[in-house]
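Novice: okay, predicted coordinates and the sequence, questions at the end:
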Amino acid sequence: MKQEEKEQINETYNDYVESVTPKANLWLRMAKAFLVGGLICLLGQCIINIGKKYGLDDQTAASYCSLTLVFLSALLTGTGIYPVIASFGGAGALVPITGFANSVAATAHGFKVEGHVFGVGARIFQIAGPVILYGIFSSWILGLIYWFMTTLGM
């Protein structure tokens, strides 16, 4: 095959891929993500406000908020509702703490057929593991930078 034929085949293939690839409306996707993420944050703020109304201090109310959002995310993942929310809201549903809980619960739910030890136990952090690893590592690096800068008096 000559070089010209290869280029013609590649060009034809690229044209085909472009024609069948769905075009995403960026502005609509951003609006959906903003809406879903905003609603999750609104729910979290309502939980904090209710906690404060019943006499909890700021830290305790925030802790109850996180626990409640993680619980709701895991529950909605198990019932199949959160994946629908995530497919609609995109990053708006996957970025907050609820998205992290969803990734852990979805993995556990998906591998439960393989048993508790080799299914759920071995693979529960398959998706969330890298997030935990790099979150801890970057926190460590930033801690070193902070310590170094405070040592130099910056």
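Specialist: Happy to help now that I have it.
Novice: next one: Val131 from Arg123, what distance?
Specialist: In this structure, Val131 lies at 15 Å from Arg123, with CB to CB, to the nearest Å as the measure. From N, CA and C alone the C-beta is placed, and that goes for glycine too.
Novice: low-confidence ranges, this structure, go.
Specialist: By pLDDT under 70, the low-scoring segments of the chain are 1, 109-113, 116-122, 124-125, 127.
Novice: quick check, central residue of it?
Specialist: Centre of the chain computed as the mean C-alpha position; nearest residue by CA atoms, centre = their mean is Leu94, 3.1 Å away.
Novice: which residue sits closest to it, ignoring its sequence neighbours?
Specialist: Beyond its immediate neighbours in the sequence, the residue positioned closest to Leu94 (CB to CB, 6 or more residues apart in numbering) is Ala86, lying 5.8 Å away.
Novice: measure Leu144 to Pro130 for me?
Specialist: Taking CB to CB as the criterion, Leu144 is separated from Pro130 by 21 Å.
Novice: again with Ile85
Specialist: Per CB to CB, Ile85 is found 23 Å from Pro130.
Novice: what helices or strands is the host helix or strand of Ala31 leaning on?
Specialist: Using DSSP states H and E, the secondary-structure element containing Ala31 is helix 26-53. Taking 3 or more CB pairs under 8 Å, 6 or more residues apart in numbering; DSSP states H and E as the contact definition, the neighbouring helices and strands of helix 26-53 are helix 58-78, helix 82-89, helix 91-94.
Novice: is the residue nearest to Leu94 in contact with Pro96, as I believe?
Specialist: No. With contact taken as CB atoms under 8 Å, Ala86 and Pro96 are classed as non-touching, separated by 11.1 Å.
Novice: quick one: which of these two has more around it?
Specialist: Between Ala86 and Pro96, counted using other CB atoms under 10 Å, the more crowded position is Ala86 (22 against 19).
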